[in-house]
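[1] sequence plus predicted model, see below.
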Amino acid sequence: MDDKLRERLRTAAEAHRPDRERMLARVERGMAEGLSARTPSGPLPWLRVVGATVAVCCVLAVGAYAVTSAGGGQTRGGQVAASPVPSASASASAVPGRVPELRTEDGPLWADGAVDPHSNAYWAQSNVTLRTTQPLSSLTVELRIAQTGGVNTTGSWRSLPEQDFTVSAQEKGGFLVYRWTLKPGRTVPVGTHTFAGQYNHAEGDRSADGDYFTANAARSTGHRVSVGDDFTSDH
């Protein structure tokens with residue numbers, strides 16, 4: 001194909017402007033006629049509507065193909081390249097799961113979660129408060145901080161003795177997860193105890209609505225109890 005012919009094809013393709021409004025109007029008329037007819041004659045109404053819709057799509061597709069072919073596959077001024085649509089899996093992975101149903105009191109154990117008032121536009125601390133009226137022979141506390149942007153750990157602490165717990169912090173399922181596990185043979189005494197996770201985050205007022213914690217424990221009798229709470233703004 002010589003350059004003159006290529007240029008003529010390109011000019012003709014760019015000059016072609018399908019009358020979309022007229023074609024859509026015809027589709028709408030076809031739908032109205034198909035729905036109002038009591039006894040269909042010929043193809044069923046829904047087949048006529050589908051056929052008209054396919055025809056419109058074909059006209060638009062042919063026009064776009066002609067412009068692309070004439071231009072050798074290159075985009076020209078006045079044309080907009082379509083942006084890729086993110087996959088469902090990619091979108092879902094950026095959004096942490098919902099906060100599960102939690103209860104703040106179970107038997108001798110009570111719990112509360114709150115963002116520390118000393119948090120700022122770049123850094124925050126989430127406090128988990130546990131109160132037990134009986135000694136606990138086992139305890140696992142998990143604090144989950146939703147990955148809202150730039151969330152990464154800067155440390156953690158607890159009011160109980162450090163040597164009594166195994167501590168970890170890791171990214172998991174869209175959360176920064178802190179875990180404190182009481183070591184075998186150790187006991188949590190009666191009283192009020194605090195577990196805190198510290199972290200950086202993207203600049204601004206971070207919402208803690210997706211954050212939550214759980215605490216699973218066992219009394220000396222072996223009976224297990226479980227509590228948890230979220231960090232919504234009403235705390």
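    Happy to help now that I have it. Numbers count the residues shown, from 1 in each chain.

[2] wait, is Gln163 part of a strand?
    No - per DSSP: H, G, I helix; E, B strand; the rest coil, Gln163 lies outside any strand segment and is helix.

[3] and for it, the neighbour number?
    Burial of Gln163 is recorded as 7 neighbouring residues (other C-beta atoms under 10 Å). C-beta here means a position set from N, CA and C on the backbone, and glycine is covered the same way.

[4] tell me the spacing between Ala124 and Thr133.
    Ala124 sits 30 Å away from Thr133, going by C-beta to C-beta, to the nearest Å.

[5] should've said Val167
    25 Å.

[6] quick one: which of those two has more around it?
    More crowded of Val167 and Thr133, by other C-beta under 10 Å: Val167, with 16 against 11.

[7] so that one is in which element?
    Of the helices and strands defined by DSSP states H and E, Val167 is found in strand 165-172.

[8] test my guess that Ser119 contacts Ile145.
    No - under the criterion of C-beta atoms under 8 Å, Ser119 makes no contact with Ile145, lying 11.7 Å away.

[9] neighbour-wise, which of these two wins?
    Ile145 (28 against 17).

[10] helix or strand for the residue lying closest to that one once chain neighbours are set aside, which one?
    Distances taken as C-beta to C-beta, 6 or more residues apart in numbering place Leu176 nearest to Ile145, at 4.3 Å, with adjacent residues excluded. Assigned by DSSP H and E, Leu176 belongs to strand 175-182.

[11] starting from that strand, tell me which strands it pairs with and how they run.
    Using DSSP bridges, strand 175-182 pairs in its sheet with strand 136-146 (antiparallel), strand 165-172 (antiparallel).

[12] parallel or antiparallel, which strands does whichever helix or strand comes after the first one pair with?
    Read that as strand 136-146. Next helix or strand after strand 136-146 toward the C-terminus (DSSP H and E): strand 152-158. Strand 152-158 has the following strand partners under DSSP bridges: strand 191-200 (antiparallel).

[13] the next helix or strand after the partner strand to strand 191-200, inter-axis angle?
    Next helix or strand after strand 191-200 toward the C-terminus (DSSP H and E): strand 212-219. Using axes from the mean of the first three to the mean of the last three C-alpha atoms, to 10 degrees, the inter-axis angle of strand 212-219 relative to strand 191-200 is 150 degrees.

[14] put the alpha carbons of strand 212-219 into CSV.
    Coordinates of each C-alpha in strand 212-219 appear next as CSV, following Å, rounded to 0.1, in the frame of the first residue of the first chain:
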residue,chain,number,x,y,z
TYR,A,212,-9.5,-4.6,65.4
PHE,A,213,-8.0,-7.0,68.0
THR,A,214,-8.8,-10.4,69.6
ALA,A,215,-7.7,-12.0,72.8
ASN,A,216,-8.0,-15.7,73.5
ALA,A,217,-7.3,-17.0,77.0
ALA,A,218,-7.7,-19.9,79.4
ARG,A,219,-8.3,-19.8,83.1
